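**Student:** Quick one, fold the following:
(one chain, ligands or ions: 1)
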Amino acid sequence: MSAQLSDSRRPLVVGNWKMHGSHAANEQLLEGLKSAGPLPCEVAVCVPFPYLAQAAERLARSAIAWGAQDCSAHEQGAFTGEVSAPMLADFGCRYAIVGHSERRALHGESDQLVADKAKAALAKGITPIVCVGETLAQREAGETESVVKRQLSAVIHTLAHCAGEMVVAYEPVWAIGTGRTATPEQAQAVHALLRAQLAAATPRAAQMKLLYGGSVKPDNAAQLFGQPDIDGGLIGGASLKAADFVAICRAAANH
Ligand code: 13P
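**Tutor:** Sure, this is the predicted structure:
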């Protein structure tokens with residue numbers, strides 16, 4: 001545990017359900033999480049838009065927060081299919097993932113659009129979980145550092161004095177859904193770079209939560225969360241099974 005670790009770096013474990021779930025399956029999953037009892041970290045689930053109300057209702061008065069997987073950069077207007085930060089804030093949304101690699105790759109989201117989404121979320125008191133990460137080709141070309149710095153830099157500049165309010169998630173694209181997790185050392189090396197970049201921009205860098213995502217499972221979570229600059233995880237597949245997600249949350253005691 002880092003000497004600088006403060007309360008605000010209490011670990012955070014977030015489930016990103018992606019496009020999974022049904023009303024019935026969610027009932028079971030949320031019940032499973034609620035019945036786990038106290039966990040050694042902050043916990044949140046980011047669910048598909050149609051199920052936000054279900055999450056809000058089921059998680060009311062529980063210690064588990066809920067969030068969205070995206071939000072529009074615009075406040076309102078003719079943007080068919082989009083969901084704005086004011087709408088999410090309207091009924092108490094706490095987090096919004098922005099810039100997930102699946103959105104960058106499949107929906108062509110640019111660094112600046114991701115930054116604008118983060119700004120729109122923060123303006124409504126929603127904590128953006130900003131994802132950065134390199135592809136396998138970029139890693140093999142030795143570009144990991146320049147890619148993640150470029151992605152984070154856009155957000156830092158756009159958020160300006162509020163940059164310290166975001167959560168950053170390092171998700172190497174080659175580790176997402178592949179079962180090929182970054183080693184704790186690989187992940188820590190990038191997290192240290194990101195924290196140094198944040199430190200040059202905000203006095204809050206030492207208190208900010210930097211999450212790792214990419215094939216986090218119950219059997220590798222403790223080692224990852226034990227790294228000095230890894231403050232929890234953004235969990236995909238393993239967040240869909242209550243027992244696995246709870247086990248990952250418990251591994252945060254190792255931070
Ligand atoms: P997996 O945990 O399924 O690899 O997904 C990670 C992720 O993309 C979380 O946002």
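**Student:** what does this protein put close to the ligand?
**Tutor:** Contact residues, the chain versus the ligand (Cβ under 6 Å from any ligand atom): 16, 100, 171, 176-177, 213-216, 234-238. Placement of C-beta: from N, CA and C, glycine included.
**Student:** Spatially, which two of these are the most separated?
**Tutor:** Taking Cβ to Cβ, the two most distant members of those are 100 and 238; they sit 16.3 Å apart.
**Student:** okay, the residues of the chain next to the ligand in a markdown table with neighbour count, secondary structure and pLDDT next?
**Tutor:** Shown next, in a markdown table, are the residues of the chain next to the ligand (neighbours: other Cβ atoms under 10 Å; DSSP: H, G, I helix; E, B strand; the rest coil; pLDDT from 0 to 100):
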| residue | neighbour count | secondary structure | pLDDT |
| --- | --- | --- | --- |
| 16 | 27 | strand | 98 |
| 100 | 27 | coil | 98 |
| 171 | 28 | coil | 98 |
| 176 | 21 | coil | 93 |
| 177 | 12 | coil | 90 |
| 213 | 28 | strand | 98 |
| 214 | 26 | coil | 97 |
| 215 | 20 | coil | 96 |
| 216 | 30 | coil | 97 |
| 234 | 27 | strand | 98 |
| 235 | 27 | strand | 98 |
| 236 | 21 | coil | 98 |
| 237 | 18 | helix | 97 |
| 238 | 19 | helix | 98 |
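**Student:** Where does the stretch 101-250 of the chain get nearest to the ligand, which residue?
**Tutor:** Closest contact between the stretch 101-250 of the chain and the ligand, by Cβ to the nearest ligand atom, is at residue 236 (2.2 Å).
**Student:** Contacts only, for that residue.
**Tutor:** Taking Cβ atoms under 8 Å, 6 or more residues apart in numbering, we find residue 236 in contact with 16, 18, 176, 177, 213.
**Student:** and which of those residues is nearest residue 245?
**Tutor:** residue 16 (10.8 Å).
**Student:** Next one: the closest one from residue 176, what distance?
**Tutor:** According to Cβ to Cβ, to the nearest Å, residue 16 and residue 176 sit 10 Å apart.
**Student:** Between these two, which contacts overlap?
**Tutor:** Joint contacts of residue 16 and residue 176 (Cβ under 8 Å, 6+ apart) are 213, 236.
**Student:** so what does the one helix or strand residue 112 maps to touch, helix or strand wise?
**Tutor:** In the assignment (DSSP states H and E), residue 112 maps to helix 111-123. Counting contacts by 3 or more Cβ pairs under 8 Å, 6 or more residues apart in numbering; DSSP states H and E, helix 111-123 packs against helix 85-90, strand 95-98, strand 127-132, helix 144-159.
**Student:** For it, give me every contacting residue.
**Tutor:** Under the criterion Cβ under 8 Å, 6+ apart, residues 70-75, 84-85, 88, 96, 98-99, 104, 127-128, 130, 150-151, 153-155, 157-159, 162, 165-166 lie in contact with helix 111-123.
**Student:** Could I get the buried residue list for that helix?
**Tutor:** Going by neighbour count (16 or more other Cβ atoms under 10 Å), the buried part of helix 111-123 is 111, 113, 114, 115, 116, 117, 118, 119, 120, 121, 122.
**Student:** again with stretch 171-189
**Tutor:** For stretch 171-189, by 16+ other Cβ under 10 Å, it's 171, 172, 173, 174, 175, 176, 181, 182, 184, 186, 187, 188.
**Student:** Likewise for stretch 201-215?
**Tutor:** Along stretch 201-215, these residues count as buried under the neighbour rule (16+ other Cβ under 10 Å): 201, 202, 205, 206, 208, 209, 210, 211, 212, 213, 214, 215.
**Student:** can you check stretch 134-146 too?
**Tutor:** By neighbour count on 16+ other Cβ under 10 Å, the buried set for stretch 134-146 is 134, 135, 138, 139, 144.
**Student:** how near is the second one to residue 143?
**Tutor:** As for residue 135, its distance to residue 143 is 9 Å (criterion: Cβ to Cβ).
**Student:** related to what we said a few turns ago, which one of the buried residues of helix 111-123 is nearest to residue 92?
**Tutor:** Closest to residue 92, out of all of the buried residues of helix 111-123 and judged by Cβ to Cβ, is residue 121, at 13.6 Å.
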